[in-house]
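1. Return a 3D structure for these sequence lines:
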Amino acid sequence: MLAMTALAVPPPSPAAPPPAGTSSTASAEALARRIEARHRKVADLTARFVQTYRSGALGREIVESGVLSLKPPSRMRWDYRDPDKKTFVSDGKTSFFYVPADRQVIRREQSDARDLPAMLLSGHADIVGTFEVALEAAPSGLQRLRLVPRKPEPEIERLYVDVDASDRIRGILVIDAQGNRSQFVFDDIRENVGLDDKLFRFEVPRGVEVITG
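-> Now for the predicted structure:
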């Protein structure tokens with residue numbers, strides 16, 4: 001269900017040196033706070049996304065794309081359009097994952113792996129409080145933060161956040177302890193477009209099996 005390779009954001013290279021003069025913890029924390037402050041002002045947003053999941057054990061890679069709709073602090077909708085149509089909707093309390101081809105809906109009363117990108121994009125993640133931060137070398141026109149959880153997290157060993165000159169998030173890469181990589185790349189980002197709350201309510205289609213996860 002997770003999936004994104006570097007379309008616009010190439011994977012980080014552990015050996016790459018950080019940019020000269022910007023490697024201090026203070027600079028990294030300052031960037032993290034600017035990212036939070038910038039995204040906290042967003043009332044809602046839509047964006048095209050490419051999501052790539054690569055298995056550390058099998059080396060298998062899955063690439064999917066679609067449109068993200070987000071309304072802070074916790075409402076989100078991921079409409080996958082390629083290669084297969086499917087929808088993930090969360091109102092902040094309950095999430096639904098619908099795969100039309102399977103005629104099946106998975107309903108959960110818990111968080112999902114998509115929550116982390118959504119929290120970062122909404123400015124509601126306490127980056128400095130939750131992660132040790134450092135600056136990494138980044139592609140031209142972008143800045144890259146490396147985030148390592150201050151407390152052990154089973155699903156996050158480290159993650160990377162790429163932002164443009166306006167501190168807007170353009171890519172997120174999550175790596176877990178098993179070496180699995182989940183990357184999100186965002187494009188055509190539109191903010192404060194007045195998304196309707198109905199977009200984040202899911203009605204189970206008739207004849208579709210509902211599985212509680």
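2. Check which residues of stretch 178-187 are buried.
-> Asn180, Arg181, Ser182, Gln183, Phe184, Val185, Phe186 (16 or more other CB atoms under 10 Å). C-beta: built from backbone N, CA, C; applies to glycine.
3. Can you add secondary structure, pLDDT and distance to Ala26 and give these back as JSON lines?
-> Converted to JSON lines, those look like this (DSSP: H, G, I helix; E, B strand; the rest coil; pLDDT from 0 to 100; distance: CB to CB, whole Å):
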{"residue": "Asn180", "secondary structure": "coil", "pLDDT": "91", "distance to Ala26": "32"}
{"residue": "Arg181", "secondary structure": "strand", "pLDDT": "93", "distance to Ala26": "29"}
{"residue": "Ser182", "secondary structure": "strand", "pLDDT": "92", "distance to Ala26": "29"}
{"residue": "Gln183", "secondary structure": "strand", "pLDDT": "94", "distance to Ala26": "28"}
{"residue": "Phe184", "secondary structure": "strand", "pLDDT": "95", "distance to Ala26": "27"}
{"residue": "Val185", "secondary structure": "strand", "pLDDT": "96", "distance to Ala26": "28"}
{"residue": "Phe186", "secondary structure": "strand", "pLDDT": "96", "distance to Ala26": "27"}
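4. Looking at these, point me to the pair that's furthest apart.
-> Farthest pair in the buried residues of stretch 178-187 (CB to CB) is Asn180 and Phe186. Separation: 20.5 Å.
5. Render the CA-only coordinates of stretch 78-89 in CSV, please.
-> Below are the C-alpha coordinates for stretch 78-89, written out as CSV (Å, rounded to 0.1, in the frame of the first residue of the first chain):
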residue,chain,number,x,y,z
TRP,A,78,-5.2,9.5,-1.7
ASP,A,79,-6.8,8.7,-5.1
TYR,A,80,-4.5,6.3,-7.0
ARG,A,81,-5.0,6.4,-10.7
ASP,A,82,-2.1,4.4,-12.2
PRO,A,83,-1.5,1.6,-12.7
ASP,A,84,-4.6,0.6,-10.7
LYS,A,85,-7.5,2.6,-9.3
LYS,A,86,-7.9,2.6,-5.6
THR,A,87,-8.8,5.1,-2.9
PHE,A,88,-7.6,5.8,0.7
VAL,A,89,-9.7,8.2,2.8
